[in-house]
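Participant: Quick one, what's the 3D model for this:
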Amino acid sequence: MVRLLSRQENEFKKGLSIIILCAGEGSRMQKHQESLPKPLKKIPYFNNIPIIQHTIKNLKECNIKDITIVAGHKGEQIEDYALKNFKDLKISNLNTYTKSIFSPFDLNEIGIDYRKGPLHSFITFLQMKKFWLISTYNVYIIIPGDTIYDPKIFNPIFRSVKEIFAKINYNPIIFYRKVTGAILKNKHKLSLNSTQKIISTVKLTRDGEELILKSIKKMDLNNINSNKTVFQVIPVFVFTENFLKDIYKEEIIKSMYTFRDLINYSVLNGIKINYAEIDQQFEFYDLDYEIDIKDMENSLKEKKEQ
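Facilitator: Numbers count the residues shown, from 1 in each chain. Sure, this is the predicted structure:
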């Protein structure tokens, strides 16, 4: 039975397209590393491997094959790094914009639109792919290229996607974890002393006997009570091709900048957004500033000592 379930999960994963967004300028960390795009920032705690390598390694261990890197700012450096380090991966070549037909990744140079935010990076990728012309029924899982994830976080996410699509519907999915303000403040001790730390949280509301997602909102961590439990958004978003084709037709999408904007717009227009809770033990680290790397390393050392 265990082997059968494993085969079923592996079959399901074949329909997943992982999109790693590496198009942004990383301006908040740029002054510390003018020559490198942020996804290639080396992390001392992980033996100086870059952020993106850490993510791809973890996805690979989950038996994920279809990975697309969307590159923009200094994209040629990301492409060169991918070609040198991940030739063993068999990645679908999604369109003619790949610079090398032998590239194991579909690297999409998305031009000036990456300046408009991660959602525009993804939309531009879809335009280049001409996804509205071809029905592949893919499920897109969007992951930022400047975030470090607990290696064990992805399999619970993939299982949740499989269960939701099997039992509920094919609307977008977001993920969250329940965590107290005290835990978050301890995790970001150094950055709270020098920068404003903004987190995204999920607001759920009751509709009869059902809890539905009402919105995703930003919160300043300094303003969150230490005893308060918040539903922190995990920066992984799931969209099906059918949903994207419908939303793509709407002119307002051009004025959106983040996936939070897209989710909130969808809720306001009557679309029920699926959500799944992931155990709080599975951490992630948004690396916006150099000080965030120090916080992450301190947090990981503390966990190791426990």
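Participant: Can you tell me who the closest residue to Asn171 other than its chain neighbours pairs with across the strands?
Facilitator: With sequence-adjacent residues excluded and distances taken as CB to CB, 6 or more residues apart in numbering, Asn171 is closest to Asn274, at 5.4 Å. The C-beta positions use only the backbone N, C-alpha and C, and glycine is treated the same way. Beta-bridge pairing for Asn274 (DSSP bridges): Ile173.
Participant: mind checking how far Asn274 is from Leu211?
Facilitator: To Leu211, Asn274 is 12 Å away according to CB to CB, to the nearest Å.
Participant: Neighbour count for these two, which is higher?
Facilitator: Remark: of Asn274 and Leu211, Asn274 carries more neighbours, 20 against 11, as counted by other CB atoms under 10 Å.
Participant: what stretches of the stretch 1-150 of the chain score poorly on pLDDT?
Facilitator: In the predicted model of the stretch 1-150 of the chain, residues 1-10, 25-34, 87-115, 129-137 satisfy pLDDT under 70.
Participant: What ranges does it have for its helices?
Facilitator: All helices of the stretch 1-150 of the chain, identified by DSSP state H, counting those that start in this stretch, fall at 2-13, 27-30, 51-61, 75-85, 118-129.
Participant: Tell me which of those helices approaches Gly145 most closely.
Facilitator: Proximity to Gly145, assessed across those by CB to CB, is greatest for helix 51-61 (5.4 Å).
Participant: what comes up buried for that closest one?
Facilitator: 51-56, 58-59 (16 or more other CB atoms under 10 Å).
Participant: And that helix, what does it pack against?
Facilitator: Packing partners of helix 51-61 (3 or more CB pairs under 8 Å, 6 or more residues apart in numbering; DSSP states H and E): strand 16-22, strand 67-71, helix 75-85, strand 147-149.
Participant: Now do that helix against strand 16-22, angle only.
Facilitator: If you take axes from the mean of the first three to the mean of the last three CA atoms, to 10 degrees, helix 51-61 sits at 170 degrees to strand 16-22.
Participant: So what angle separates the directions of helix 51-61 and strand 67-71?
Facilitator: Using the same axes, to 10 degrees: helix 51-61 against strand 67-71 is 160 degrees.
Participant: can you state the direction angle for helix 51-61 and helix 75-85?
Facilitator: Between helix 51-61 and helix 75-85, the angle formed by their directions is 40 degrees, by the same axes, to 10 degrees.
Participant: Return the most buried member of the helices of the stretch 1-150 of the chain.
Facilitator: Counting by mean count of other CB atoms under 10 Å, helix 118-129 has the highest mean neighbour count of those, with a mean of 21.
Participant: Look up how far Val238 lies from His54.
Facilitator: For His54 relative to Val238 (CB to CB), the value is 21 Å.
Participant: Tell me, how many residues neighbour Tyr285?
Facilitator: By the measure other CB under 10 Å, the count of residues near Tyr285 is 21.
Participant: Quick one: mean pLDDT for the helix or strand containing it?
Facilitator: Counting by DSSP states H and E, the element that carries Tyr285 is strand 284-286. Average pLDDT, strand 284-286: 96.
Participant: Neighbouring strands - and their directions - for it?
Facilitator: Strand 284-286 has these strand partners (DSSP bridges): strand 147-149 (antiparallel).
Participant: Show residues contacting the partner strand.
Facilitator: With contacts defined as CB atoms under 8 Å, 6 or more residues apart in numbering, strand 147-149 is touched by 43, 46, 51, 54-55, 58, 143, 235, 282-287, 296.
Participant: how far away is the most centrally placed residue in the chain from Ala166?
Facilitator: Against the mean C-alpha coordinate of the chain, by CA atoms, centre = their mean, the closest residue is Ile143 at 2.2 Å. Distance of Ile143 to Ala166, computed by CB to CB: 22 Å.
Participant: mind checking the longest helix of the chain?
Facilitator: As assigned by DSSP state H, the longest helix anywhere in the chain is helix 290-305.
Participant: And that one, what does it pack against?
Facilitator: Going by 3+ CB pairs under 8 Å, 6+ apart, helix 290-305 lies up against strand 42-43, helix 181-187, helix 189-194, strand 284-286.
Participant: any idea which of those scores lowest on pLDDT?
Facilitator: For the helices and strands packed on helix 290-305, where the average pLDDT is lowest is helix 189-194, sitting at a mean of 90.
Participant: got the contact list for Ile198?
Facilitator: Ile198 is in contact with 218-221, counting by CB under 8 Å, 6+ apart.
Participant: Give me the phi and psi angles of it.
Facilitator: phi -100, psi 130 (degrees, to the nearest 10).
Participant: what does the one 10 residues further on give?
Facilitator: Per-residue torsions, Gly208: phi 70, psi -120 (degrees, to the nearest 10).
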